[in-house]
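Student: Model the structure of this input:
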Amino acid sequence: MTSNPDRHPAKEAEFDTHAGAYAASVNNPLKRLMGKSADAFILAKVRWLLDDLRRRPLRDGGKPRLLDYGCGAGVFLHLLAGAGFTGSREGCDVSAKMLEQARARWPAGAEQVPLHHVDPQQTSLESESFDVITASCVLHHVMPADRNGVLAEIARMLKPGGRLVIFEHNPLNPLTRWMVSRSPLDVNAVLLDAGEGRELASRAGLSVVRRDYILFVPPRLSWLRPLERLIGWLPLGGQYALVAEKPPAARIEEPAP
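Tutor: A predicted model of the protein is given here:
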């Protein structure tokens, strides 16, 4: 289901402007030094997500239906399949041109995942329809005054017992702040720390069940990856991950005979 095409959120125009140079913007020299490409950073988050799903399976089991909220050029969705995710995948974004890039780069002959052009606070996607919703480096592009509305919309789309996974830049990390300050894509970004992420989720009626700091080491140094599991509590990682769950549906008790 697609959104109302007559609505044009402000961020749509901003990322439509950046769409043509998106790959060059995310693959800047410093990121290439720390990882083979920006995809390496996204793959690290994909692996974190899949590890979390293995450790803490969803309540209803089965193959989850996942929505990547703010999917951009679709890299997260591409890497999910290659990393072993077996559920169904969908994406949505406010930028029509970014979604055009996502469709154009889909492998020939591969099944095209549904991609929806949406308004951030009224997606028109069905309520309680997704088991997992990811928002990877999306919220810092949403103005603070609009974030409660975005989280409420995400919570609406989650099934009871469903899970929101937020990945965000960590403003407590000086290297992260330096990189964001020099990125054309982040010229209007307003970073949020893990505490604000937790408050946003709570105001939307979601319960935060996990918070980890991630990307302490560059993806290029993959042999150090096990170290991150030991120091995920330390608020100095380049990014952080928050997992918040929607309360399960209330069970209606049958009256006693």
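Student: Confirm for me that Val142 is in contact with Val150.
Tutor: Yes: using Cβ atoms under 8 Å, Val142 is in contact with Val150, at 5.4 Å. Every residue, glycine included, has its C-beta placed from N, CA and C.
Student: May I have the distance across stretch 201-217, first residue to last?
Tutor: End-to-end distance for stretch 201-217, by Cα to Cα, to the nearest Å: 27 Å.
Student: Next up, the contacts around Ile133.
Tutor: 66-69, 154, 157-158, 162-165 (Cβ atoms under 8 Å, 6 or more residues apart in numbering).
Student: Mark which of the residues you listed are buried, thanks.
Tutor: Those of the contacts of Ile133 that meet the buried threshold are 66-69, 154, 157-158, 162-165, by 16 or more other Cβ atoms under 10 Å.
Student: Quick check: helices, which of those residues are part of them?
Tutor: Within the buried ones among the contacts of Ile133, residues falling in helices by DSSP state H are 154, 157.
Student: Using a markdown table, please lay out the buried ones among the contacts of Ile133 together with pLDDT and distance to Ala189.
Tutor: Putting the buried ones among the contacts of Ile133 into a markdown table (pLDDT from 0 to 100; distance: Cβ to Cβ, whole Å) gives the following:
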| residue | pLDDT | distance to Ala189 |
| --- | --- | --- |
| Leu66 | 98 | 25 |
| Leu67 | 98 | 22 |
| Asp68 | 98 | 19 |
| Tyr69 | 97 | 17 |
| Ile154 | 97 | 19 |
| Met157 | 97 | 24 |
| Leu158 | 97 | 25 |
| Gly162 | 96 | 27 |
| Arg163 | 97 | 25 |
| Leu164 | 98 | 20 |
| Val165 | 98 | 20 |
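Student: Include distance to Asp39 when you put the buried ones among the contacts of Ile133 into CSV, please.
Tutor: Below are these laid out as CSV (distance: Cβ to Cβ, whole Å):
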residue, distance to Asp39
Leu66, 18
Leu67, 20
Asp68, 15
Tyr69, 19
Ile154, 25
Met157, 27
Leu158, 27
Gly162, 27
Arg163, 24
Leu164, 23
Val165, 18
